[in-house]
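S.K.: Next input, structure requested:
(chains A and B)
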Amino acid sequence: MQQKIINQLTLIVDELIKSSDVGDVNYKIRLQENKDKEHGDYASNIAMMLAKDLSENPKNLAEQISKDFPLDDEVLRVEVAGPGFINFFVSEATHAEILKNIDAEKEKYGHNKKKVGKVLIEYVSSNPTGPLHVGHGRGAVFGSVLASLLKAAGHKVDEEYYVNDYGRQMSILSVSVWLRYLQNSSKNISMSPLGYQGDYIKLIAQELFKENKDKYLLSDNDRDNILPILELQEDEKDIDSLISFMQKTLGEGFSEIRSFALDNMLNIIKSDLINFGVEHNLWFFESSLYIEEKGKPSKVDKGISDLSSNDFVYEKDGAIWFKSSKLKDDKDRVLQRSNGDHTYFSSDVAYHLDKYNRSYDRIINIWGSDHHGYLPRVRAAMEASGRDTNKLEVVFIQFANLVRNGEKISMSTRSGDFITLNELMNEVTAEAARFFYINRKADQHLEFDLELAKEQSKDNPLYYIQYAHARICSVFNKVEYDLEEGHEKVDLSLLIAEKEIEIQKHLATFPALIEKAAKSNDPHLICYYLKDLASLFHSYYNNEKFIIEDSSLMISRMFLLKGVKQVIFNGLEILGVSSPEAM
RNA sequence: GCCCCGUUAGCUCAGUCGGAUAGAGCGCUGGAUUCCUAAUCCAGAGGCCAUAGGUUCAAAUCCUGUACGGGGCACCA
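M.R.: Model (predicted):
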């Protein structure tokens, strides 16, 4: 319906522009839905938009356009109002066509059938040195919901986790696991306070022992040597001596423990994510960027030489620098340190070049808002390598505060007493956690109310929406009528009550909502849409009865409920939340 | 000091490719169930859209300054 009006308006406006000989005028007709029924169903502001270009009074312009607008049994009346709005009044029956669309498209309703390009979303990518905690939760949900949203909008989507398996932290992880392993047999081995303290380290160490028994134990002599090193673990650098000791003593065993620890850690992370409804189809290892094959340079070296050949690299104080300050970054950045080690940044240059080489139309990174200062240098590197920086989008996720009984739960990185994602899921369920995380705009701080997430009442928006779905299912269970059978007979012109029209109009906006949310990376809009839909339904439910004597009216109402149920399902599906049949 | 994000009802927040009278939930006040799930609904009160300018026929929305809050400014990852 809306499209029909827009098409018709375009015809008239084109004609108007042609006859006014002002040359080409760029315009786009948008039809807004009117809140106030006095103003009709839809309105266009096109007359006011064009008034200047055509040097004509907007009201006169609107009059001309509306005069030419053909009326029929769908568009009943066209009016000019206010400063130059053109209002359209359509017949009540036209709203029902949307129900047929929904019934035809089912779970595809709202989805774009056209293919609109390939997207890479990289998200979570937390360091594999500890389990996911609540700080990772928001980004995890955001990424996975954005992925299904973009799929619905017609994109081919890859979801990628970037594994930081290359830096010093991996060595610290290995040492930590090894120490816990040694503690099984030697009481006087202490855990370095500079290692990772969590209980998960002990679990991995137990697994290590189960699979390898005594393989990595120390000789008496070596045990005497490690004790003084363990004595001195104060400054951050002191753990390095422990790392070198481990490398020296175990030889190949060092990298065996390292990959054992990494595999176990990733399994923990993967299973937490899956429990949370998040599943990446690609896992990219930082270490792969450093592999040299068949005499070819590693991807990192290739990245640096790319920058270098465009004259963006120089050497200073024994280090290799990227001239990012020439491209809108605050200062130049080190790619390779004076000790020969590559920086994390140089990995990231290579990683992003690799993303570009995989020919995506959009490359989306989901980062914590504390990383915003990092974007200019990555952008600069892509620009310096001749890549189109418009393809790279970064969504920054603000922090979420957990709140219990009105009190913020404080979490300090230092003490390491983070609440894990697992604990959160156990307390409020994965579904509720997903919904509450995605219920806010990404760049907005979020208060996650644990009590509310557990509450089973309309105060909890997730329950409110799910309850609408369950209520409809309940009606369908009660009614003695085959929902599939009678739909040829349904008379949609009976659905003309005010609330019925309101619901149908709202259902009709779902595809546009998906498109808009996908375009601006705003999955939270789906939550608000569904709350509105649920609210319209609950109100309707209290106002009308559905199981009634008048069977043709009943059938038409069933058809309406079926549409509501389908759209709630489709929306919750994108959020990765279930639509219960009963509650 | 420089940079990024935010500031909308008592609270938590939508709305920001400019549109007619700024919305929702909670909380507050008052109502609705012999009936399909009251896990619900209906009504009322509640606003200088942080602030000062600017652009426009039209600004919560765009531009500039200021205040307040969060974050970031490593040869860490």
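
S.K.: tell me, how many neighbours does the single nearest residue of the stretch 51-200 of chain A relative to RNA strand B end up with?
M.R.: Of all residues in the stretch 51-200 of chain A, the one sitting closest to RNA strand B is A:Gly167 (2.9 Å; C-beta to the nearest atom of the strand). Just so you know, the C-beta spots here come from the backbone N, C-alpha and C atoms, and that holds for glycine as well. For A:Gly167, the neighbour count with other C-beta atoms under 10 Å is 17.

S.K.: what's the answer for the one 3 residues further on, then?
M.R.: Applying other C-beta under 10 Å, we find 23 residues neighbouring A:Met170.

S.K.: thinking it is in contact with A:Phe260, fair?
M.R.: No. Using C-beta atoms under 8 Å, A:Met170 is not in contact with A:Phe260, being 11.7 Å away.

S.K.: Correct me if wrong: the residue of the stretch 51-200 of chain A closest to RNA strand B contacts A:Tyr344.
M.R.: Yes. Counting by C-beta under 8 Å, A:Gly167 does reach A:Tyr344; the two are 6.6 Å apart.

S.K.: what about A:Asp158, helix or strand, and which?
M.R.: Using DSSP states H and E, A:Asp158 sits within strand A:156-163.

S.K.: same question for that strand, mean pLDDT?
M.R.: When pLDDT is averaged over strand A:156-163, the result is 97.

S.K.: Just give the number of residues close to A:Ser91.
M.R.: Using other C-beta under 10 Å, the number of residues around A:Ser91 comes to 16.

S.K.: measure the closest residue to RNA strand B within the stretch 351-500 of chain A to A:Arg440 for me?
M.R.: Among the residues of the stretch 351-500 of chain A, A:Lys458 lies closest to RNA strand B, at 1.7 Å counting by C-beta to the nearest atom of the strand. A:Lys458 sits 19 Å away from A:Arg440, going by C-beta to C-beta, to the nearest Å.

S.K.: Specify which residue of those two has the higher count of neighbours.
M.R.: Shown here are A:Lys458 and A:Arg440; by other C-beta under 10 Å, A:Arg440 has more neighbours (18 against 13).

S.K.: ok, A:Val145 to A:Asn521 distance?
M.R.: Going from A:Val145 to A:Asn521 by C-beta to C-beta gives 10 Å.

S.K.: State the distance from the residue in the stretch 201-350 of chain A that RNA strand B sits nearest to to A:Ile226.
M.R.: Using C-beta to the nearest atom of the strand, the closest approach of the stretch 201-350 of chain A to RNA strand B is made by A:Asp317 at 2.8 Å. Going from A:Asp317 to A:Ile226 by C-beta to C-beta gives 35 Å.

S.K.: what does A:Glu92 give?
M.R.: Distance, A:Glu92 to A:Ile226, by C-beta to C-beta: 83 Å.

S.K.: what do you get for A:Asp41?
M.R.: 79 Å.

S.K.: of these two, who's got more company?
M.R.: With neighbours defined as other C-beta under 10 Å, A:Asp41 and A:Ile226 compare such that A:Asp41 has more, 24 against 19.

S.K.: Spatially nearest residue to the more buried one (excluding sequence neighbours)?
M.R.: Counting by C-beta to C-beta, 6 or more residues apart in numbering, A:Val90 is the residue found nearest to A:Asp41 once chain neighbours are left out, at 5.0 Å.

S.K.: what's the answer for A:Glu211, then?
M.R.: Nearest residue to A:Glu211 in three dimensions, chain neighbours excluded: A:Phe260, at 7.7 Å (C-beta to C-beta, 6+ apart).

S.K.: pretty sure A:Glu451 is in contact with A:Arg404, am I right?
M.R.: Yes. Proximity of A:Glu451 to A:Arg404 meets the contact threshold set by C-beta under 8 Å, at 6.3 Å.

S.K.: next one: the helix or strand of chain A with the lowest mean pLDDT to chain centre, how far?
M.R.: Taking mean pLDDT, DSSP states H and E as the measure, chain A has strand A:407-408 as its least confident helix or strand, at a mean of 80. Relative to its parent chain, strand A:407-408 has a centroid offset of 26 Å by C-alpha atoms, centre = their mean, to the nearest Å.

S.K.: Check which residues of the helix or strand following it are buried.
M.R.: Sequence-wise, the next helix or strand downstream of strand A:407-408 (DSSP H and E) is helix A:421-428. By neighbour count with 16 or more other C-beta atoms under 10 Å, helix A:421-428 contains the buried residues A:Leu421, A:Asn422, A:Leu424, A:Met425, A:Val428.

S.K.: next one: stretch A:147-167
M.R.: For stretch A:147-167, burial by neighbour count (16+ other C-beta under 10 Å) applies to A:147-155, A:157-167.

S.K.: do the same with stretch A:261-275
M.R.: A:Ala261, A:Leu262, A:Asn264, A:Met265, A:Leu266, A:Ile268, A:Ile269, A:Asp272, A:Leu273.

S.K.: Residues in contact with stretch A:211-218: which ones?
M.R.: Taking contacts as C-beta atoms under 8 Å, 6 or more residues apart in numbering, the residues outside stretch A:211-218 that touch it are A:Trp178, A:Tyr181, A:Leu182, A:Ser185, A:Ser186, A:Leu208, A:Ile226, A:Thr249, A:Leu250, A:Gly253, A:Ile257, A:Phe260.

S.K.: avg pLDDT for that stretch?
M.R.: In the prediction, stretch A:211-218 has an average pLDDT of 94.

S.K.: Next: stretch A:95-110.
M.R.: The average pLDDT within stretch A:95-110 is 92.

S.K.: Just the terminal-to-terminal distance for that stretch.
M.R.: 16 Å (C-alpha to C-alpha, to the nearest Å).
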